[in-house]
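[1] Generate a structure from the sequence data that follows.
(chains A and B, ligands or ions: 2)
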Amino acid sequence: MAAPLLQTRDLSMHFGGVRAVRHVDFSLAEGELRCLIGPNGAGKSTFFKMLTGQLQPTHGHVLFRGQEISYAHAHEIARLGIGIKTQVPSVFDGLSVRENIWLAASRIHSREQTKRVVDEMLERVGLIEVAERLVGQLAHGQRQWVELGLVLATDPQLILLDEPAAGMTHEEVHKTAELVREINRTKALIVVEHDMQFIRMIAKQVTVFNQGSVLVEDTVESIMRNPQVRDIYLGKQAAA
Amino acid sequence: MNGRALNLLGLGLVGVIGIAFLVLIPRLFELDVVLELTVYMIMAILALSLALIWGYGGILCFGQSAFFGLGAYTYAIAVFNIGESTIPLLLAIVLPAAFAALLGYFMFYGRISDVYLGVITLTVTLILFNSVNSTAGPEFRIGSARLGGFNGIPGIPPLNFPGNKASPIDLEGMFYLATISLLLAYFGLRLLLASRFGRIIVGIRENERRAELLGYDPRAYKLATFTIGGALAGFAGCLFANWGNFVSPTIFGLAQSAQIIIWVIVGGRGTLIGPIVGCIGIQWLTTALGANQPSGGPDWWAKIFANAPLILGIILIAFVLLVPKGLVPTLGDLGQWLLSSRTKRAKTRLEPKRAEEG
Ligand SMILES: Nc1ncnc2c1ncn2[C@@H]1O[C@H](COP(=O)(O)OP(=O)(O)OP(=O)(O)O)[C@@H](O)[C@H]1O
Ligand SMILES: [Mg+2]
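    Numbers count the residues shown, from 1 in each chain, chains lettered A, B, ... in the order given. Ligands and ions are numbered 1, 2, ... in the order given. Below is the predicted model of the structure:
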């Protein structure tokens, strides 16, 4: 078997008494698309923060292509090729859409290349019309697209998406699913999402988090039929 | 008109006004006015240094006067020892820059939070104030320069033309030097901010976490910004020591530090022209308040108006509460609003016509 792209070993994060992530052993193959689901507070975002250097794990290891990155700085991990779209959109609100994408593209490209890449990216995420607007003035859905554009413009090898479809219209959700599949032709992704329809549109393999631990890992079909998963997650939604 | 054209227009305007000022002032006014304006220009360079650090870099520095004072003292001490002024001038830029780099290294790489950054920089300048203040005795000397403690250092030899000690720069020459330096600092910073580096530091100011997640190291960019700001403030300090041929510890004091911040707040963060306008306006006001004691009227009225710090305080509070963005950005917003409401009206007038055509 080929070496995994990303691997965590016994990864844990405690906030005082709260054990947000506990002993997670996770593995992602090159080019894989994985969905990560789990109820609110299961530790999905915390897990992502440890993968990107935003949080230092309490203990355990993160390996990217075999290299230990558990205690690396966020910018170093980004330079290794992990990009993240955070749960609360993290963008440059006071700058134009174009400047946002430029800042991302400029990190890896030369001046002339950057210009071209920015135009292509604006086209790709459908923001050409609002390119000169301030990102802070855009609707939530559009800001999500800006962030997606930012992440893609740095050309990462592994892309983490934390609830990319949240706050989007039905049509936008479809568009996002399509984009995720397109990205997956060349890159590996981990996608956190609550929207089950969205998961069905994109998923092959699904990992379920519950109370900081991996509950089960399986194909999307079996996950949907799994009664335990229903109980902790889908059951709750149905009840709500 | 698009943003780019507007930008160029602004740049051109500043250039034209600057050159007109440079040419006309010495011809139109007596030497005392020229002297007064010279110190405004010098202080405006100091204002620009904080405009960069705080307004664009997002680094709240309460102790910008530390670098200003270091520049002034470095020049004074060096020129007494060396004589020819070229190296002292360079030292007055390099030493404050090195000091800023060292201080910045500990602050940014030590992950000091923004609030503490303000506290630390203020503390540093007050420590410098106290240290220099207590060097009054004759034993405190560096080479042939006596530090003079609270009495300061008088009779500082003026700058000379590079390499030629026999031709010092006279008072009118200082006006030209200060004004040209201000223009160069302004246009230089505009270039810097339009560069890749400048755009990235603004990105870091806007969202440091996002910049990190894109792969930029905010610490390195902040350190560079802080160092450039320290160098510029030091240069302004050198000019200031030349202007009065005198420097004293008050240059490090709380009043001086507060002034710089007030200039930037009043003029507007996130612009370069704003802090220049704020600096010149406030200095002019301070001078006017000090000079024009109103005769007649009730006595307390005169006292209030002669109390410049009180008036400055009131202005600061008024700006923070009523014009929080500062003068220049607010005027900019107003202009944009007028422009857009006009184009809207123009559009509504055009609409029916289009319908007829179609
Ligand atoms: N900085 C923090 N300090 C203290 N507790 C935290 C912190 N961040 C997260 N937690 C706690 O850790 C647990 C996991 O939170 P996390 O945000 O990772 O969940 P999640 O799976 O992303 O949930 P959601 O689906 O609501 O986004 C929660 O109980 C949360 O309250
Ligand atoms: Mg979350």
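
[2] could you pull out the strands for chain A?
    Under the criterion DSSP state E, chain A contains strands at A:6-15, A:18-28, A:33-37, A:59-64, A:67-68, A:82-85, A:158-162, A:188-192, A:205-210, A:213-219.

[3] pLDDT averaged over stretch A:191-204 - what is it?
    Stretch A:191-204 comes out with an average pLDDT of 89.

[4] Tell me how far residue A:125 lies from chain B.
    16 Å (Cβ to the nearest Cβ, to the nearest Å). Yep, even glycine has a C-beta here, placed from its N, CA and C like the rest.

[5] likewise residue A:229?
    Residue A:229 is 31 Å from chain B, by Cβ to the nearest Cβ.

[6] I'd guessed that residue sits against residue A:217; true?
    No - using Cβ atoms under 8 Å as the test, residue A:229 is too far from residue A:217 to be in contact (10.9 Å).

[7] before we move on, back to that, so which of the strands of chain A comes closest to chain B?
    strand A:82-85 (5.8 Å; Cβ to the nearest Cβ).

[8] what's that closest one packed up against?
    helix A:44-51, helix A:140-153, strand A:158-162 (3 or more Cβ pairs under 8 Å, 6 or more residues apart in numbering or on different chains; DSSP states H and E).

[9] For burial, what's the neighbour tally of the residue in chain A positioned nearest to chain B?
    Ranked by Cβ to the nearest Cβ, the top residue of chain A for proximity to chain B is residue A:78, at 3.7 Å. Neighbourhood size, residue A:78 [other Cβ atoms under 10 Å in any protein chain shown]: 25.

[10] Any chance of JSON lines for the helices and strands packed on strand A:82-85, columns distance to residue B:216?
    Output for these, formatted as JSON lines (distance: least, Cβ to Cβ, whole Å):
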{"stretch": "helix A:44-51", "distance to residue B:216": "18"}
{"stretch": "helix A:140-153", "distance to residue B:216": "12"}
{"stretch": "strand A:158-162", "distance to residue B:216": "18"}
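
[11] tell me the most buried of the ones you listed?
    The highest mean neighbour count among those, using mean count of other Cβ atoms under 10 Å in any protein chain shown, belongs to strand A:158-162: a mean of 25.

[12] Now residue B:41: closest residue in space that isn't a chain neighbour?
    residue B:178 (3.9 Å; Cβ to Cβ, 6 or more residues apart in numbering or on different chains).

[13] Next, count neighbours for the one you found.
    Neighbours of residue B:178 (other Cβ under 10 Å): 24.

[14] for it, what are its contacts?
    B:38, B:41, B:42, B:45, B:239, B:243 (Cβ atoms under 8 Å, 6 or more residues apart in numbering or on different chains).

[15] Please tell me how far residue A:139 sits from ligand 1.
    For residue A:139, the distance to ligand 1 equals 21 Å [Cβ to the nearest ligand atom, to the nearest Å].

[16] how about that residue, phi and psi?
    phi -70, psi 160 (degrees, to the nearest 10).

[17] For ligand 2, see how far away it is.
    21 Å (Cβ to the ion, to the nearest Å).

[18] now residue B:199
    Residue B:199 is 31 Å from ligand 2, by Cβ to the ion.

[19] Could you say which helix or strand holds that residue?
    Assigned by DSSP states H and E, residue B:199 belongs to helix B:196-206.

[20] Residues in contact with that helix: which ones?
    So helix B:196-206 is contacted by A:92-95, A:99, A:102-103, A:106, A:111, B:56-58, B:192-193, B:210-211, B:216, B:218, B:221-222, B:224-225 (Cβ under 8 Å, 6+ apart).

[21] Buried ones among those?
    Listed as buried from the contacts of helix B:196-206 are A:92-93, A:95, A:99, A:102-103, A:106, B:56-58, B:193, B:210-211, B:216, B:218, B:221-222, B:224-225; burial here means 16 or more other Cβ atoms under 10 Å in any protein chain shown.

[22] quick one: low-confidence parts of chain A?
    A:1, A:233-240 (pLDDT under 70).

[23] For residue B:150, give me its contacts.
    B:133, B:136, B:248, B:249.

[24] The third one and residue B:152: what is the separation?
    What that stands for is residue B:248. If you measure residue B:248 against residue B:152 using Cβ to Cβ, to the nearest Å, the figure is 3 Å.

[25] just the second one next, same as before
    Residue B:136 is 10 Å from residue B:152, where distance means Cβ to Cβ.

[26] which residues make contact with stretch B:153-166 from outside it?
    B:73, B:75-77, B:79-80, B:83-86, B:89, B:145-148, B:167-170, B:174, B:177, B:238, B:241-242, B:245-248.

[27] Kindly recompute the last result at 6 Å.
    Here stretch B:153-166 makes contact (Cβ atoms under 6 Å, 6 or more residues apart in numbering or on different chains) with B:76, B:79, B:83-86, B:167-169, B:241-242, B:245-247.

[28] Check the contacts of residue B:178 one by one and keep those near ligand 2.
    Counting by Cβ under 5 Å from the ion, the subset of the contacts of residue B:178 that neighbours ligand 2 is empty.

[29] Would you mind putting the residues you listed into CSV with secondary structure and neighbour count alongside?
    As requested, those are exported to CSV (DSSP: H, G, I helix; E, B strand; the rest coil; neighbours: other Cβ atoms under 10 Å in any protein chain shown):
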residue, secondary structure, neighbour count
B:38, helix, 25
B:41, helix, 28
B:42, helix, 27
B:45, helix, 25
B:239, helix, 26
B:243, helix, 23
